[in-house]
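In: The following block contains a protein sequence and its predicted model.
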Amino acid sequence: MTADPKPWEVLSSRTALRDRWIDVTADAVRDARGNVLDPFYTLSYPDWVHVVAITPADELVLVRQYRHGARAWTLELPAGAIDKADADPAAAAARELREETGYTAPAYRHLGGLSPNTATHRNRAHSVLALGATATHPTAHEVGEDISVELWPLARVLAGLGEGLIAQSMHTASLLLALHAAGRLDFSLKDAP
């Protein structure tokens with residue numbers, strides 16, 4: 001294994017857009033071959049959390065909501081930004097699950113964080129597993145959230161992944177990682193035919 005070349009050199013940086021959800025930075029950078037790219041945009045969001053909540057009846061707690069970027073209603077995991085008041089990703093997961101679905105779980109297991117897009121995003125998307133989830137609270141949706149809660153049998157969700165049942169790719173990754181961590185999905189490689 002060879003060592004990575006040095007990182008790109010940032011020649012200058014300016015904020016192109018900043019609000020409560022996103023910080024777009026326009027950098028002038030010099031790549032490893034000496035080429036200058038200007039502007040090279042990166043996006044900084046708060047870290048996110050995706051909650052894989054499974055009920056005692058082996059159903060996945062999902063939300064259906066309108067996503068304006070996709071111009072469609074999508075089926076997703078409960079998810080959201082990690083707030084400054086959240087102690088850690090597991091605490092954020094508990095809050096988001098309760099707010100969006102009214103479900104809670106006895107424990108929340110943080111599985112780690114991945115980059116949503118290493119080319120342009122600076123935040124992390126954290127996967128959290130919540131087993132034994134049950135409905136315990138009323139929902140508390142924020143402005144702009146038009147959410148309905150749906151319970152889907154795990155086997156049916158897995159069968160539908162290849163057909164785009166869950167269109168949000170990061171949610172699919174979190175689901176697969178969580179099912180593996182729960183001992184429900186095997187990642188062993190089979191021999192080629």
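Out: Happy to help now that I have it. Residues are numbered from 1 along each chain as shown.
In: and the closest residue to Leu37 other than its chain neighbours, what element?
Out: Spatial nearest neighbour of Leu37, chain neighbours left out: Val29 (5.2 Å); criterion: CB to CB, 6 or more residues apart in numbering. Bear in mind the C-beta positions are built from the backbone N, C-alpha and C, glycine included. According to DSSP states H and E, Val29 maps onto strand 23-30.
In: Now do the helix or strand just after that strand: which elements does it pack against?
Out: For strand 23-30, the following helix or strand on the C-terminal side (DSSP H and E) is strand 36-44. Packing partners of strand 36-44 (3 or more CB pairs under 8 Å, 6 or more residues apart in numbering; DSSP states H and E): strand 9-18, strand 23-30.
In: which of these sits most buried?
Out: strand 23-30 (a mean of 16; mean count of other CB atoms under 10 Å).
In: Provide the contact partners of that one at residue level.
Out: 8-18, 36-45 (CB atoms under 8 Å, 6 or more residues apart in numbering).
In: who's in contact with the residue of the chain most remote from its centre?
Out: Using CA atoms, centre = their mean, the residue of the chain lying farthest from its centre is Gly34. It sits 34.4 Å away. Residues near Gly34 by CB under 8 Å, 6+ apart: none.
In: How much space separates it from Leu11?
Out: Applying CB to CB, to the nearest Å, the value for Gly34 to Leu11 is 12 Å.
In: do Val52 as well
Out: Val52 is 42 Å from Leu11, by CB to CB.
In: Would you map the helices across this protein?
Out: For the chain, the helices defined by DSSP state H cover 89-101, 154-160, 169-181.
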